[in-house]
Every structure is written in C-alpha cells, then in structure tokens.
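Participant: give me a 3D structure for the following:
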Amino acid sequence: MRASVVAFAGSTFVALLVGCGASAPLTEPNANAPYRAAPLGIDVALPRHLSAHGACSHFRPSPTRSCAALVLRATTATGGARLARRDVNGYRTVLGVLSAHVDANCRPTLVHVQLPGPPNGRTGWIHAQAVRVFPVADRIVVDLSARRLVAYQRGRPRLNTRVAVGARRMPTPTGRYVVNERWLLDNPNGAFGIAALGISAHSNVLHNWLQRGPIGLHGTNEPWTIGRAASHGCIRLRNGAMRRLFRLAPAGTPVLIRP
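Facilitator: All right, here's what the predicted structure looks like:
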C-alpha cells in the first residue's frame with residue numbers, strides 16, 4: 001500500500017507550469033488556474049534501506065525494476081551539488097538511483113543518483129544515510145519521433161498513447177529522468193488539463209525562463225495538438241490519458257525520453 005507523502009507548495013508552481021508549457025503568464029489562458037499538490041505516492045513504511053535477500057540487484061535499473069531515493073536531510077553530492085530535503089516547489093526531494101556501493105549484507109553505503117537539472121544529465125554519489133532508498137515497479141518511455149508515450153507497470157505496458165512534444169525551436173530534451181512532483185488542477189479546461197507530473201528535466205534552450213524552463217508531462221485544453229511538435233518542451237497528453245498516467249506514476253518513476 002502506498003502511503004501519502006504530501007507537500008504543500010506555493011505560487012512557484014505557476015512558475016513551473018509557465019516554464020514547461022506556457023509562453024508567458026499574461027498570455028497563456030488559464031495558466032494560473034487553481035492547483036494543489038498531490039501525494040507523491042511513496043511507501044514510507046519501507047525499511048530504511050533495502051536489505052531483503054537479492055536486494056543488491058535492485059540497484060541496477062532494468063525494464064522491470066529500479067530504485068529511487070527520498071532525501072532525508074540536506075547533503076552534498078560528489079562534485080559539490082547541494083541537495084535539500086525539499087525542492088524549490090516545497091516537495092520532498094526525490095532522486096533516481098543509478099547504482100550503489102553496498103556492504104556484505106547488500107545495504108548501500110554510497111548511492112549513485114541522478115541530480116536535478118539544469119543542466120540535464122548530472123549525476124553524483126551521496127552518503128546512503130542521507131536518503132531512504134525505495135523500489136519502483138513503474139516506468140515511462142517517450143518516443144519523440146513517434147510522438148508516443150508508453151507507461152509500464154512491472155514490465156507490462158499499461159498505457160500507450162499519442163502525445164504532443166516540443167516544437168523544433170524548443171525541443172523536448174532527451175535522456176533519463178525521474179518523476180519528482182505531482183500536481184492536480186481544479187480546472188480541466190485550463191492550459192495544463194487535469195494534472196501534471198514534474199520530472200527532473202529542464203529545457204536546453206529556455207535558460208532565461210522562470211526556474212530555467214522545467215519540463216513536465218501534463219494534460220491540455222488543446223487536444224488537437226496531440227501528435228504534433230507543438231509545446232515549449234513539455235509532453236502533452238489528452239486529459240483522459242493523463243488521468244490514467246497519473247495513477248501509474250508515483251514519485252521516483254523513471255522517465256526515458258528517446259529521440
């Protein structure tokens with residue numbers, strides 16, 4: 001059973017949405033529609049670290065399993081990146097786990113994690129005592145050329161849908177990311193539909209946008225753009241598909257964006 005880890009964020013969410021899908025808050029209709037933070041969906045009843053038999057394999061991501069980490073206290077990764085307990089929008093900080101150094105009992109001592117951008121693609125090692133590592137059975141794959149998203153649960157496809165992707169001048173960045181924020185919007189006719197998933201990606205071109213152009217997956221009030229390169233870098237889904245995706249994607253879900 002997934003417990004509810006809830007964070008309450010302020011007006012900075014408008015900045016996040018503006019960065020991923022709207023040209024400016026004064027010109028995007030309904031850009032500041034009522035919204036609320038949703039539970040991250042993390043099972044906080046897990047032991048502090050994975051220690052069951054065979055748990056060492058969990059630290060090597062595969063199509064059917066991976067791990068993520070919830071930051072318990074402020075820490076510094078190798079290279080000097082500072083990680084706070086909460087992100088800029090008030091959510092508990094969640095990181096994708098790439099691998100780990102483990103002891104004889106498969107308990108991690110150092111954890112290799114994906115660092116939140118920008119720039120995209122940064123990684124670092126952090127002390128295991130600063131995080132809670134937990135398993136993830138879900139993943140999302142976005143194929144930009146096919147303009148299609150597939151969501152998997154325990155290796156089985158649960159959602160296969162067409163999406164809108166970034167326009168040529170504002171392309172969606174490729175790479176491996178992780179779901180780190182979850183938002184519900186009260187107005188399904190707003191620019192971002194019924195819900196949004198924040199991920200650890202940032203635009204590679206919108207550097208001077210608020211929060212340096214964060215990227216997310218969200219619904220839309222422009223369903224005719226689905227299947228087109230039409231966004232400022234975010235992945236747009238029809239609201240019905242976004243509702244299904246939201247149920248399949250707790251925080252920590254890996255997101256692979258392919259060219």
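
Participant: quick one: contacts for the residue nearest to residue 172 when sequence neighbours are not counted?
Facilitator: Of all residues beyond its chain neighbours, the one nearest residue 172 is residue 166 (3.8 Å), with distances taken as CB to CB, 6 or more residues apart in numbering. To be clear about C-beta, it is placed using only N, CA and C from the backbone, and glycine gets the same treatment. Contacts for residue 166 (CB atoms under 8 Å, 6 or more residues apart in numbering) come out as 144, 172, 203, 229, 231, 232, 233, 234.

Participant: how about those residues in TSV, adding secondary structure, neighbour count and pLDDT?
Facilitator: TSV is the format used below for these (DSSP: H, G, I helix; E, B strand; the rest coil; neighbours: other CB atoms under 10 Å; pLDDT from 0 to 100):
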residue	secondary structure	neighbour count	pLDDT
144	coil	18	98
172	coil	25	97
203	coil	24	87
229	strand	17	96
231	strand	24	92
232	coil	23	89
233	coil	25	94
234	coil	30	94
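
Participant: any chance of these in a markdown table with distance to residue 123 as columns?
Facilitator: Shown next, in a markdown table, are the contacts of residue 166 (distance: CB to CB, whole Å):
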| residue | distance to residue 123 |
| --- | --- |
| 144 | 22 |
| 172 | 21 |
| 203 | 20 |
| 229 | 29 |
| 231 | 27 |
| 232 | 26 |
| 233 | 22 |
| 234 | 23 |
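
Participant: and which of those residues is nearest residue 255?
Facilitator: residue 172 (10.9 Å; CB to CB).

Participant: and the closest one, how far from residue 205?
Facilitator: Residue 172 sits 11 Å away from residue 205 when distances are taken as CB to CB, to the nearest Å.

Participant: joint contacts of the two?
Facilitator: residue 233.

Participant: residue 125 pairs with what?
Facilitator: Under DSSP bridges, the beta-bridge partners of residue 125 are residue 112.

Participant: got a pLDDT number for it?
Facilitator: If you check residue 125, the pLDDT there is 97.

Participant: buried sites along the helix or strand where residue 255 lies?
Facilitator: Assessed by DSSP states H and E, residue 255 sits inside strand 254-258. Using 16 or more other CB atoms under 10 Å as the test for burial, strand 254-258 gives 254, 255, 257.

Participant: what's in contact with that strand?
Facilitator: Defining contact as CB under 8 Å, 6+ apart, one finds that strand 254-258 is touched by 61, 66, 96, 136, 138-145, 172-179, 199, 201, 217, 235.

Participant: try it again with 7 Å
Facilitator: For strand 254-258, the surrounding residues in contact (CB atoms under 7 Å, 6 or more residues apart in numbering) are 61, 66, 96, 136, 139-144, 172-179, 199.

Participant: show me how to select, in ChimeraX, the buried members of those residues.
Facilitator: With 16+ other CB under 10 Å as the criterion, this ChimeraX line picks the buried residues out of the contacts of strand 254-258:
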select :61,66,96,136,139,140,141,142,144,172,173,174,175,176,177,178,179,199
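
Participant: among the contacts of strand 254-258, which lie within strands?
Facilitator: Taking DSSP state E, the ones among the contacts of strand 254-258 that sit in strands are 66, 96, 136, 139-143, 175-179, 199.
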